[in-house]
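**Student:** give me a 3D structure for the following:
(one chain, ligands or ions: 1)
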Amino acid sequence: MHPAAATQPKALDAVFSNMPTVEYDGEEIDCASGERLRDVLLAADASVHNGPRAVSCHGHGSCGTCAVEIRGDAGEPTRRERLRLSIPPHDPDSGLRLACQVRVTDDLAVEKHDGFWGEQKRTTES
Ligand code: FES
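**Tutor:** Presented below is the predicted three-dimensional model:
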């Protein structure tokens with residue numbers, strides 16, 4: 001439950017009952033349903049950019065630096081997202097998503113991979 005929910009009138013129970021949780025880098029972050037994933041993480045001081053955020057497109061879906069792996073129902077990729085993820089170093093078959101294009105409507109587990117664009121999936125080889 002969102003910490004603010006405990007102090008809200010009962011009329012707002014329905015609002016807080018639909019607050020998905022984003023798991024990222026060992027943290028659990030509650031947000032309002034429909035918020036953009038990138039905004040949720042940045043508001044929690046959890047950047048999805050491996051390089052300086054200043055060189056990103058700031059959420060316009062064109063730079064590709066906010067790419068992340070998502071477990072959970074993140075909806076279908078937007079047209080813009082599919083287009084950017086089809087341009088190297090991204091691979092359209094990688095399964096990565098652009099955090100700035102994803103609306104959070106369900107609980108998600110999010111992982112950022114290595115590389116400037118987050119395009120380098122880690123392997124579990126020993
Ligand atoms: S911030 Fe540039 S594509 Fe998401």
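
**Student:** strands of the protein, start to end?
**Tutor:** Per DSSP state E, the chain carries strands over the ranges 21-24, 27-30, 35-36, 67-71, 97-98, 103-104, 108-111.

**Student:** shouldn't Arg80 be in contact with Gly61?
**Tutor:** Yes. At 4.1 Å, Arg80 counts as touching Gly61 under the criterion of Cβ atoms under 8 Å. No exception for glycine: its C-beta is placed from N, CA and C like everyone else's.

**Student:** and these two? which has more neighbours close in?
**Tutor:** Between Arg80 and Gly61, Gly61 has the larger neighbour count (other Cβ atoms under 10 Å), namely 19 against 14.

**Student:** and that one, how far is that from Arg36?
**Tutor:** Gly61 is 10 Å from Arg36, where distance means Cβ to Cβ, to the nearest Å.

**Student:** what does Ala109 give?
**Tutor:** 17 Å.

**Student:** what's the answer for Glu69, then?
**Tutor:** From Glu69 across to Arg36, the span is 17 Å (Cβ to Cβ).

**Student:** this protein: helices as residue ranges?
**Tutor:** 13-17, 37-43, 79-85 (DSSP state H).

**Student:** as TSV, those with distance to the ligand and mean pLDDT would be great.
**Tutor:** TSV is the format used below for those (distance: least, Cβ to the nearest ligand atom, whole Å; pLDDT from 0 to 100):
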stretch	distance to the ligand	mean pLDDT
helix 13-17	27	56
helix 37-43	6	97
helix 79-85	6	96
